[in-house]
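Undergrad: Kindly generate the corresponding structure for this input.
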Amino acid sequence: MSAPDDGSPSRDGFARWIAGRASWPVRAAALLVYVLSTGRMLGVRRAGMDNAVVVRAARALLDGGSPYADKRFLYLPGAVFAALPQAPFGDATLSRVVPFATAALVLAGVVLALRIFDIRADSRLAAALTAGLGLFLPFQSIVHLGNWTAASAVAFPAALLLALRGRWTAAGVTVGLAVALKPMLVPLLLLFVLARRWRALAWAVALPTAISLAAALAMPRPGLFLTKTLPFLLHGQDDYAAPFDASWTAVLPRLGVPHHLAFVLAACAAAAVLAVARLRWRQGGDEALRLVECGALLMLAAFLVSRPSFLHYALVIVPALVASVVVRGAAARSVWFWMALLPQLAGVAWPELGSARRHAFKDIVMFTGMATVLAADAWRSRPRTVRTVTVSGAVYSLSSDPAPRDPSEMR
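TA: Predicted coordinates:
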């Protein structure tokens, strides 16, 4: 059973229609688009390359070496042991299986995102979201790479759904397990702070810490993570990854902004988004919408300033935001939200931005655009204090009075 609405607005006609059940041809067509988009990655060179890095680290561990000897392995120690079941399989087999496994995880995240708003998995919105993801460049990217961000794409809506149902400790455990694999959801820890759910926060911090320490003690030379991997990450990786980084700190210098100024601007933007996230939390309203929009703002604040920030990170928050369109007043109902996603539509050529090394210019528009729309909506909806004055014992508002007055009261 979902948490109570707490005064949330009722759904309008559009929400009831799009949440209704889609016909089976529509559902089949949407799933076909999704599967075909995934299947086309089988013919792409180096499919599953990001997953292959983690598997290579697991094989290095089995051979008695340190996973962190490979500078491309950038995950926490727990990820090495999570990848061990893949180690016996050949690279050719994994390159065929991993794209579909990644797509299945993303689809599971979509179902969980829909459940936050009590939307059926066979609804019109579910079909539209499934087909839309098939044409969404961040989805094609994550399927091609086999990136473990897919685990966070499941954990993010799962944690919000558990929190909505009052199971905050389980939400903290979910976030903690996801962080142990890849620290993508670290910004979501602030959601537990805003909600004052200290036990959930403790679980979300203690679990990845304990798993990482235990895994580090079980592998050779774990100190390489601190001396080699962490500095490599803090410097935004290398020249190979830099063109794909969509954070302000990476893109603005490519536009001529000095590096130090770009960092200051990015930090200010992130701080502003965090402040808006706090404002959005304090506004209340529909609880599901509050959790999704506040969680998305926290994640976007990190995407703007952290290095690296790749386009497939959008899959963590986009399904839940799209699902929120069933709530009247949701930021996702703004046309500007969809305008921010428009450059990510596959098959649409953008002048001078078609190459992979220039894609980050479109990606920064997506992240900044979504953050701006969510922030503007929260700012417009902020509570306003109405000033009053007292005249002869009666209180008069300095704003317009919508109630008609008795002529005798105006003498």
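
Undergrad: For the chain, which residues score under the pLDDT cut-off?
TA: Along the chain, segments meeting pLDDT under 70 span 1-10, 234-239, 383-411.

Undergrad: Sketch out the strands for it, chain order is fine.
TA: Counting by DSSP state E, one finds strands in the chain at the ranges 388-391, 394-397.

Undergrad: Give me the neighbour count for residue 227.
TA: Residue 227 has 11 neighbours, counted by other C-beta atoms under 10 Å. In short, each C-beta sits where N, CA and C put it, glycine included.

Undergrad: can you count the residues close to residue 93?
TA: Other residues close to residue 93 by other C-beta under 10 Å number 11.

Undergrad: now do residue 258
TA: Using other C-beta under 10 Å, residue 258 is surrounded by 10 other residues.

Undergrad: Same question for residue 68.
TA: Counted with other C-beta under 10 Å, the neighbours of residue 68 add up to 27.

Undergrad: if I pick it, what's in contact with it?
TA: Counting by C-beta atoms under 8 Å, 6 or more residues apart in numbering, residue 68 touches 57, 221, 222, 224, 225, 228, 229.

Undergrad: run the last query once more with 10 Å
TA: 57, 60, 74-75, 77, 80, 216, 219-230, 232 (C-beta atoms under 10 Å, 6 or more residues apart in numbering).

Undergrad: which among the residues you listed end up buried?
TA: 57, 60, 74-75, 77, 80, 216, 219, 222, 224-225, 228-229, 232 (16 or more other C-beta atoms under 10 Å).

Undergrad: Among these, which one sits closest to residue 191?
TA: Checking the buried ones among the contacts of residue 68 against residue 191 by C-beta to C-beta gives residue 75 as the nearest, at 22.7 Å.

Undergrad: show me what contacts the closest one?
TA: 50, 53-54, 57, 67-68, 82-83, 148, 180-183, 212, 225, 229.

Undergrad: Show me those that map onto helices.
TA: Assigned to helices by DSSP state H, the following of the contacts of residue 75 qualify: 50, 53, 54, 57, 82, 180, 181, 212.

Undergrad: Not counting sequence-adjacent ones, nearest residue to the fourth one?
TA: Which is residue 57. Leaving aside its chain neighbours, residue 57 sits nearest to residue 67 (3.5 Å; criterion: C-beta to C-beta, 6 or more residues apart in numbering).

Undergrad: Is that neighbour in contact with residue 87, as I believe?
TA: No - taking contacts as C-beta atoms under 10 Å, residue 67 lies outside contact range of residue 87: 11.5 Å.

Undergrad: any residues in contact with both of those two?
TA: Taking C-beta under 10 Å, 6+ apart as the criterion, residue 67 and residue 87 both touch 54, 56, 57, 58, 59, 60, 61, 80.

Undergrad: unless I'm mixing things up, the fifth one is touching residue 94, no?
TA: No - with contacts defined as C-beta under 10 Å, residue 59 does not count as touching residue 94, sitting 11.5 Å away.

Undergrad: Run a quick neighbour tally on the residue nearest to residue 57.
TA: Neighbour count of residue 67, defined by other C-beta under 10 Å: 28.

Undergrad: so what sits against both of residue 59 and residue 94?
TA: 86, 87.

Undergrad: Residue 353: neighbouring residues, count only.
TA: Residues lying near residue 353 (other C-beta under 10 Å) number 13.

Undergrad: for it, what are its contacts?
TA: Per C-beta under 10 Å, 6+ apart, neighbours of residue 353: 343, 359, 360, 361, 362, 365.

Undergrad: Please identify, among these, the one with the most neighbours.
TA: residue 360 leads the contacts of residue 353 on contacts (other C-beta under 10 Å) with 23 neighbours.

Undergrad: so how far is residue 258 from the closest residue to it other than its chain neighbours?
TA: Distance criterion C-beta to C-beta, 6+ apart; nearest residue to residue 360, sequence neighbours excluded, is residue 246 at 4.5 Å. Distance of residue 246 to residue 258, given as C-beta to C-beta, to the nearest Å: 19 Å.

Undergrad: what's the answer for residue 61, then?
TA: In terms of C-beta to C-beta, residue 61 sits 42 Å off from residue 258.

Undergrad: Kindly report the same for residue 325.
TA: 40 Å.

Undergrad: Could you do residue 183 as well?
TA: Counting by C-beta to C-beta, the gap from residue 183 to residue 258 is 29 Å.

Undergrad: need the helices for the stretch 1-150 of the chain, in chain order.
TA: Assigned by DSSP state H, counting those that start in this stretch, the stretch 1-150 of the chain shows helices spanning 13-18, 24-39, 49-62, 77-82, 91-116, 124-134, 137-145, 149-164.

Undergrad: Of these, which is nearest residue 294?
TA: Closest among those, using C-beta to C-beta: helix 149-164, at 9.4 Å.

Undergrad: just checking, what packs against the closest one?
TA: Packed against helix 149-164 by the contact rule (3 or more C-beta pairs under 10 Å, 6 or more residues apart in numbering; DSSP states H and E) you find helix 91-116, helix 137-145, helix 168-181, helix 189-194, helix 198-217, helix 287-305, helix 318-323.

Undergrad: what about the ones you listed, which gets the closest to residue 355?
TA: Nearest of those to residue 355, taken as C-beta to C-beta: helix 137-145 at 13.2 Å.

Undergrad: relative orientation of the closest one and helix 149-164 in degrees?
TA: Interaxial angle of helix 137-145 relative to helix 149-164 (axes from the mean of the first three to the mean of the last three C-alpha atoms, to 10 degrees): 120 degrees.

Undergrad: CA atoms only: put helix 137-145 into CSV for me.
TA: C-alpha atoms of helix 137-145 as CSV (Å, rounded to 0.1, in the frame of the first residue of the first chain):
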residue,chain,number,x,y,z
LEU,A,137,20.9,8.3,-26.3
PRO,A,138,21.8,7.9,-22.6
PHE,A,139,20.1,4.4,-22.8
GLN,A,140,21.9,3.5,-25.9
SER,A,141,25.2,4.6,-24.3
ILE,A,142,24.7,2.6,-21.1
VAL,A,143,23.7,-0.5,-23.0
HIS,A,144,26.7,-0.1,-25.3
LEU,A,145,29.1,0.3,-22.4
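
Undergrad: Can you point out the buried residues in that helix?
TA: For helix 137-145, by 16+ other C-beta under 10 Å, it's 137, 138, 139, 140, 141, 142, 143, 144, 145.
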